[in-house]
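**Student:** Quick check, what structure comes out for this input:
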Amino acid sequence: MLQTGLQGKVALITGGNHGIGAATARALAAEGCHVLINYLRLPLQGITENDYLAQIQTETPGIALYNRKRRADAANVVQEIRTQGGKADAIEADLADPATIPMLFEEAEKRFGTVDILVNNADHCEQDTFLAQPGLAADGFPNATITAALHDSHFAVNSRAVALLMAEFASRHIAARKQWGRIINISTDGAPGFAGEVSYGASKAALESYSRAAAQELGPYGITVNIVSPGPIQTGWISPQQVAEISRVTPLRRVGQPDDIADVIVFLASEQARWLTGQLLSVSGGLRMP
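**Tutor:** Okay, here's the model as predicted:
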């Protein structure tokens with residue numbers, strides 16, 4: 001059994017109320033980390049309130065289930081961790097507000113101590129396109145033509161907040177004279193260019209650039225910075241029809257699950273990854289092979 005060296009470490013995880021973030025919180029807590037989860041309950045996307053309410057009990061992946069997960073708080077995740085004997089807490093706050101960033105670190109320090117591991121998982125995602133009459137995307141969510149507001153809302157969370165979180169992490173790490181730190185940033189396999197989600201893809205490409213620069217600058221302080229680039233992950237949005245198609249073209253012949261990503265994040269946070277920094281790992285079952 002691998003000894004990850006994570007017992008007693010403090011982890012701050014953004015977007016931890018469902019999906020990859022929730023799985024990561026559980027996985028790090030299982031290794032002995034004290035976990036602070038940041039999350040934000042999001043408005044409906046791609047469905048009317050009436051249609052959502054009519055389908056609110058569905059367990060079939062698709063628009064309604066995905067919206068239900070995005071609207072959840074993190075109470076269940078925190079309770080699961082505590083039931084297993086771990087330490088966890090959660091704070092709802094919008095990363096688009098720069099004042100959120102220092103507040104999260106201050107709260108982590110009050111509850112658990114100085115943050116050792118930062119997982120930037122939260123994102124803002126609305127599908128947009130350069131086309132004047134975009135219609136519906138393949139997954140059924142409506143596309144909109146790119147606007148200044150759509151551009152800015154993506155970059156505020158997916159790149160600006162990530163940059164500010166890394167800077168805050170570094171400042172407090174150096175002030176505390178720590179010699180060990182981990183930053184893991186979650187991107188997307190669409191970052192090189194994401195037709196139909198142009199602002200989402202571009203903002204994640206900026207995240208990747210920030211990550212490589214941070215790896216160079218923060219390495220002398222014992223901080224590693226790495227990027228996880230997931231392929232399609234079943235966080236509630238992939239319909240049964242899409243599951244079949246994605247599985248057919250994926251070398252490992254299935255759709256990814258949140259735990260698949262969480263396990264890689266645990267590895268990157270662990271002592272076993274001590275000589276790994278500035279790298280992007282495609283975690284896609286072989287769907288993407290850089």
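
**Student:** those helices in the protein, which residues are they?
**Tutor:** For the chain, the helices defined by DSSP state H cover 19-30, 49-54, 63-70, 75-83, 100-111, 148-155, 161-175, 198-218, 240-249, 258-269.

**Student:** so which of those gets nearest Gly286?
**Tutor:** Closest of the helices of the chain to Gly286 is helix 240-249, at 9.8 Å (criterion: CB to CB). Where you see a C-beta, it was placed from the backbone N, CA and C, and this is true even at glycine.

**Student:** Leu104: neighbour count?
**Tutor:** Look at Leu104: counted by other CB atoms under 10 Å, it has 21 neighbours.

**Student:** I'd say it and Leu40 touch.
**Tutor:** No: the pair Leu104 and Leu40 fails to qualify as a contact (CB atoms under 8 Å) at a distance of 11.9 Å.

**Student:** shared neighbours, the two?
**Tutor:** Residues touching both Leu104 and Leu40 by CB atoms under 8 Å, 6 or more residues apart in numbering: Ala93.

**Student:** so which of the helices of the chain is the most packed in?
**Tutor:** Most buried of those by mean neighbour count (mean count of other CB atoms under 10 Å) is helix 19-30; its value is a mean of 26.

**Student:** Where is the longest strand in this protein?
**Tutor:** strand 223-230 (DSSP state E).

**Student:** roughly how far out does it sit from the chain middle?
**Tutor:** 11 Å (CA atoms, centre = their mean, to the nearest Å).

**Student:** Report the angle between that strand and helix 198-218.
**Tutor:** For strand 223-230 against helix 198-218, the angle by axes from the mean of the first three to the mean of the last three CA atoms, to 10 degrees is 160 degrees.

**Student:** Just the residues contacting strand 223-230, thanks.
**Tutor:** Here strand 223-230 has contacts from 20, 166, 169-170, 173, 181-189, 191, 207-208, 211-212, 214-215, 218, 256, 261, 264-265, 268, 273-274, 276-284, 288, using CB under 8 Å, 6+ apart.

**Student:** how long is stretch 215-231 end to end?
**Tutor:** 23 Å (CA to CA, to the nearest Å).

**Student:** Cool, thanks, signing off.
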